[in-house]
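Q: Got a sequence here, can you model it:
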Amino acid sequence: MSPLGPRRWPWFVGVVLAIGVAFYVLQPILLPFVLGALIGYLGDPLVDILERRGMGRTWGVTVVFLVLTAVLVMALLIAVPALIHQVDALVRKVPDIYRWLTDTLLPWVQANLSIPVSRLPEIDWTSRLAENWQSLGKATATTLRGITGSGAGLLAWLFNMALVPVVAFYLMRDWDVLMAKILRMIPKAWQENTTVMVGEADEVLGAFIRGQLLVMLALGVIYSIGLSLVGVQLALVLGMVAGLASIVPYLGFIVGIASSLLVAWFQFHEPGALLLVALVFAIGQVLESVVLTPILVGDRIGLHPVAVIFALMAGGQIAGFLGVLVALPVSAVIMVFVRHAVARYRASELYTGE
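A: Numbering: from 1, shown residues only. Below you'll find the predicted structure:
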């Protein structure tokens, strides 16, 4: 019987289905484990480097963990105050944007497209923003009372937050051992092919997770610095939003340039500023296409932009935020196995007819 004989396939399909059902049923408690696994996967190559240089595995994990924590804390200390200041400035601009829509854009559209004359309702933005901030405060207070009012709910939330670094530490320390044990559980007839496919899947995952995160961060920094040089007031918010949205192909560019042009117009009212904003995003796109993506990600993922959008929407529909978090990595790994399956099909008698 061939290595992929029919007697093994029911077991394989059963295991895959069992994993899928377990993921769906247990998704309310899986988020700290998924985040911990993500951190462990990102840190494992760094720990391997330290281990090859003579440092013990546990000490290497400790060093990597402390470095990652320090970088995260520094980024939060630098970025959060600036983000809060710029979000506050954005909120103050809402009345001006609404007034421009009412007094300029809507009349122009009606005059040029022969739409019946109508006006947007007048809004007292001073009282409306105050009401919204008051409602937000009430909603936040109600949520906090709901969490703290239930001892079990507060305990579960604290436990989940504390569990993420614990899971990340132990997975980072034992990553290679766990992978070897999982491989030994696979039928011996499959182990050679599985080792090859797991190696390709690891390459794809590494290219996606590490590479795409670096591309998103780099684009956010490029857009933020470029918009700051132009003088756009909300440069940090606009640049980071565009960088994060770039996880979907072209979405970051579309969202970023549209919102930045709108903000620049309200701030400067000059076509030259709009051209400079467009130049910033054009430079970002060129750098992404020519430098960032080829170097940091490469062409190994093989996911079509439509497949990326579908994977994100499907993940969100199935498992909410957790599904979105794992959608693209899972899709990238599935594509590795699909390519191998297609290659075997094309070499089979079913395809060749021989």
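Q: Run through the strands of this protein in chain order.
A: In order along the chain, the chain carries no strands (DSSP state E).
Q: any weak-confidence spans in the stretch 251-354 of the chain?
A: Confidence mapping of the stretch 251-354 of the chain against pLDDT under 70 gives the ranges 297-303, 354.
Q: how about 80 then?
A: 266, 293-309, 319-322, 324-325, 328-329, 332-333, 348-354 (pLDDT under 80).
Q: Now do the helices in it.
A: Assigned by DSSP state H, counting those that start in this stretch, the stretch 251-354 of the chain shows helices spanning 251-268, 271-287, 305-346, 349-352.
Q: swap in the chain?
A: Ranges of helices in the chain, per DSSP state H, are 9-52, 57-100, 106-113, 125-149, 151-185, 188-206, 213-230, 235-245, 251-268, 271-287, 305-346, 349-352.
Q: ranking the ones you listed by mean pLDDT, which is last?
A: Mean pLDDT is lowest for helix 125-149 among these, at a mean of 52.
Q: what number of residues lie near residue 173?
A: Around residue 173 there are 20 other residues, counting by other CB atoms under 10 Å. (C-beta placed from N, C-alpha, C; glycine too.)
Q: just the one 10 residues further on next, same as before
A: Close neighbours of residue 183, defined as other CB under 10 Å, add up to 13.
Q: oh, and call the first residue 37 from now on, that's how I've got it
A: In the new count, where the first residue is 37, that last one comes out as residue 219.
Q: From residue 234, how far off is it?
A: Between residue 219 and residue 234 the computed distance is 7 Å (CB to CB, to the nearest Å).
Q: Spit out the contact partners of the residue most central in space within the chain.
A: For the chain, the residue nearest the mean C-alpha position is residue 283 (5.9 Å; CA atoms, centre = their mean). By CB atoms under 8 Å, 6 or more residues apart in numbering, the contact list for residue 283 reads 248, 252, 344, 348, 364.
Q: isn't residue 297 right up against residue 313?
A: Yes. Judged on CB atoms under 8 Å, residue 297 makes contact with residue 313 at a distance of 5.6 Å.
Q: Looking at the two, which is more packed in?
A: Legend: neighbour count by other CB under 10 Å for residue 297 and residue 313, higher for residue 313 (26 against 17).
Q: Tell me which of the helices of the stretch 287-390 of the chain sits most buried.
A: Neighbour counts (mean count of other CB atoms under 10 Å) averaged over each of these peak at helix 287-304, with a mean of 19.
Q: neighbouring contacts of that helix?
A: 129, 132-133, 136, 252, 255, 259, 263, 266-270, 274-275, 277-282, 309-310, 312-314, 316-317, 320-321.
Q: What is the neighbour count of the nearest residue to residue 101 once chain neighbours are set aside?
A: Counting by CB to CB, 6 or more residues apart in numbering, residue 101 lies nearest to residue 205, which is 6.0 Å off, once chain neighbours are set aside. For residue 205, the neighbour count with other CB under 10 Å is 19.
Q: quick one: residue 205 from residue 122, how far?
A: With CB to CB as the criterion, residue 205 and residue 122 are 35 Å apart.
Q: same question, residue 318
A: Noted for residue 318: a distance of 23 Å to residue 122, by CB to CB.
Q: same check, this time on residue 81
A: 35 Å.
Q: More neighbours: the two, which one.
A: Set residue 81 next to residue 122 and count neighbours by other CB under 10 Å: residue 122 wins out with 17 against 12.
Q: and that one, what does it touch?
A: Contacts were defined as CB under 8 Å, 6+ apart; by that measure residue 122 touches 269-273.
Q: Of the contacts of residue 283, just say which sits nearest to residue 224.
A: Among the contacts of residue 283, residue 364 lies closest to residue 224 (CB to CB), at 32.2 Å.
Q: show me what contacts the residue nearest to that closest one when sequence neighbours are not counted?
A: Counting by CB to CB, 6+ apart, residue 347 is the residue found nearest to residue 364 once chain neighbours are left out, at 5.6 Å. Applying CB under 8 Å, 6+ apart to residue 347 gives the contacts 339, 363-364, 366-367.
Q: rerun at 7 Å
A: The neighbours of residue 347, taking CB atoms under 7 Å, 6 or more residues apart in numbering as the test, are 363-364, 367.
Q: Kindly report the same for residue 221.
A: Residue 221 neighbours (CB under 7 Å, 6+ apart): none.
Q: Go again with 10 Å.
A: 51, 227 (CB atoms under 10 Å, 6 or more residues apart in numbering).
Q: repeat for residue 266
A: Going by CB under 10 Å, 6+ apart, residue 266 touches 296, 300, 303-304, 308-313, 315-316.
Q: if we can go back for a sec, I'd like to know which of the contacts of residue 122 is nearest to residue 142.
A: residue 270 (23.8 Å).
Q: wait, that closest one sits on residue 259?
A: No. Counting by CB atoms under 10 Å, residue 270 does not reach residue 259; the two are 11.3 Å apart.
Q: which one of the two has more residues nearby?
A: Ranked by neighbour count (other CB under 10 Å), residue 270 and residue 259 place residue 259 first, with 30 against 23.
Q: I figured that one hits residue 253, correct?
A: No. Residue 259 lies out of contact with residue 253 (CB under 10 Å); the separation is 11.0 Å.
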